[in-house]
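In: With the sequence up front, the predicted model follows.
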Amino acid sequence: MPADSPPADDPRVLIVTGMSGAGKSTALEVLEDLGWETIDNAPVRLLEGLLATGPAPDAPLAIGVDSRTRGYDPQAILRLLDKGNATILFLDASRPTIERRYNETRRPHPLARGRPVADGVRAERELLEPLRSRAEILIDTSDFAVNELQQVIRNQFDGEARGVMTLTVSSFGFARGMPPLADLVFDMRFLDNPHWDPVLRPLTGLDAAIGAHIERDPAYSPAFARIRDLVLELLPHYAAQGRAYLAIAFGCTGGRHRSVYAAERLAEALQAAGYDPTVIHRNLPPVPAQGDARAGELTSRPGGA
């Protein structure tokens, strides 16, 4: 989820790039809403002039670049960036996530050329690797819905939000692997598993009956209190180190009961302490996207405390 820490000052020229389907269009739209001047997929031959001219006095400049850009040459782009003062924002996502997004929208991947989406993803990743390796800000959108990515971009580049650490609290199931970029991971599998109760099995940690079951486990209250206090103790220290993002993850076997409940309770504790966390439940069923989905864009699903 999270991004590497941005430069100390907001960039005046931002190169927005990344994998097709990772959310570049969404990022540019949010930047435009924030008052940025945005240009998407300008030919590489025009980049030198744009970078030399720089942004308008009253608005920073965001330039979208990816493998579809006319005359795309990563080394030429990097040489141009070496001459100027621009920051690279790279939006990434896992191969299975990109494949799923394209399959859901039924649009062809720009580099697939009649082959499977996976072939296009591999080719594009190779093309974009030089820009990814130089990116000052890297955001992995694999577990983001559209609204979650929008909020991340707002928090990262809205001048009013500068200096505020973005918190994400997520739940996941170990059966499907750990989240790749979690900073703090808490394993809740020591608690009694509601999955083995046929009545509770279809429910999730968002349901009151699951909460009551977990609360009855004598191990829950003291352990969760220590986790909550530890997180609240650590957050100011992370902020003092200049961290722009912090991802806290709770795991259980299937990612539907214990981890979901713990994530919700921690989000409530963080809100009570004055923070504004984003909550993501990775293994809960997705909600169908509303409106017209565009190729490779993110689809909405449950979130929030």
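Out: Everything's here; your move. Numbers count the residues shown, from 1 in each chain.

In: Can you give the domain ranges for this structure?
Out: Domain ranges of the chain: 13-161, 166-281, per automatic domain parsing.

In: worst average pLDDT in those?
Out: Mean pLDDT values for the domains of the chain show the minimum at domain 13-161, a mean of 82.

In: List the residues that contact residue 255.
Out: Applying CB atoms under 8 Å, 6 or more residues apart in numbering, we find residue 255 in contact with 171-176, 281-284. Backbone N, C-alpha and C define where each C-beta goes, glycine included.

In: Selection in ChimeraX covering whichever of the residues you listed are buried, please.
Out: To isolate the buried members of those in ChimeraX, using 16 or more other CB atoms under 10 Å:
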select :171,172,173,174,281,282,283,284
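
In: any chance of the contacts of residue 255 in TSV, plus distance to residue 155?
Out: Output for the contacts of residue 255, formatted as TSV (distance: CB to CB, whole Å):
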residue	distance to residue 155
171	21
172	22
173	27
174	29
175	31
176	27
281	20
282	20
283	25
284	24
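
In: Tell me the one among the contacts of residue 255 nearest to residue 75.
Out: Distance to residue 75 across the contacts of residue 255 (CB to CB) is lowest for residue 282, with 36.9 Å.

In: Run a quick check on that closest one versus residue 145, I expect a contact.
Out: No: at 11.0 Å, residue 282 does not count as touching residue 145 under the criterion of CB atoms under 8 Å.

In: Do a quick rundown of the helices in the stretch 101-250 of the chain.
Out: For the stretch 101-250 of the chain, the helices defined by DSSP state H, counting those that start in this stretch occupy 117-134, 146-157, 208-216, 220-240.

In: ranking the ones you listed by burial, who's on top?
Out: Of all those, helix 146-157 carries the top mean neighbour count, a mean of 20, counting by mean count of other CB atoms under 10 Å.

In: In terms of secondary structure, what does that one contact?
Out: Helices and strands touching helix 146-157, as assessed by 3 or more CB pairs under 8 Å, 6 or more residues apart in numbering; DSSP states H and E, comprise helix 24-33, strand 137-140, strand 166-173, strand 278-281.

In: The first one packs against which elements?
Out: To tie it back to what came earlier, the one meant is helix 24-33. Taking 3+ CB pairs under 8 Å, 6+ apart as the contact cut, helix 24-33 packs with strand 13-18, strand 37-40, strand 61-64, strand 87-92, helix 146-157.

In: Can you name the secondary structure element that comes next after the third one?
Out: The reference is to strand 61-64. helix 74-83 (DSSP states H and E).

In: What are the buried residues along that following helix?
Out: Quick answer for helix 74-83 (16+ other CB under 10 Å): 74, 77, 80-81.

In: Can you add distance to residue 220 and give the helices and strands packed on helix 24-33 back as JSON lines?
Out: JSON lines is the format used below for those (distance: least, CB to CB, whole Å):
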{"stretch": "strand 13-18", "distance to residue 220": "40"}
{"stretch": "strand 37-40", "distance to residue 220": "48"}
{"stretch": "strand 61-64", "distance to residue 220": "46"}
{"stretch": "strand 87-92", "distance to residue 220": "36"}
{"stretch": "helix 146-157", "distance to residue 220": "28"}
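
In: and of those, who's closest to residue 107?
Out: Closest among these, using CB to CB: helix 146-157, at 16.0 Å.

In: Please export the C-alpha coordinates of the closest one as PDB.
Out: The C-alpha coordinates for helix 146-157 follow below in PDB (Å, rounded to 0.1, in the frame of the first residue of the first chain):
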ATOM      1  CA  VAL A 146     -10.700   3.800  -6.300                       C
ATOM      2  CA  ASN A 147     -11.700   6.000  -3.300                       C
ATOM      3  CA  GLU A 148      -8.800   4.700  -1.300                       C
ATOM      4  CA  LEU A 149      -6.200   5.700  -3.900                       C
ATOM      5  CA  GLN A 150      -7.900   9.100  -4.300                       C
ATOM      6  CA  GLN A 151      -7.500   9.700  -0.600                       C
ATOM      7  CA  VAL A 152      -3.900   8.600  -0.600                       C
ATOM      8  CA  ILE A 153      -3.100  11.000  -3.400                       C
ATOM      9  CA  ARG A 154      -4.900  13.800  -1.600                       C
ATOM     10  CA  ASN A 155      -3.000  13.200   1.600                       C
ATOM     11  CA  GLN A 156       0.300  13.000  -0.300                       C
ATOM     12  CA  PHE A 157       0.000  16.200  -2.400                       C
END
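
In: what's the angle between that helix and strand 166-173?
Out: Orientation of helix 146-157 against strand 166-173 (axes from the mean of the first three to the mean of the last three CA atoms, to 10 degrees) gives an angle of 150 degrees.
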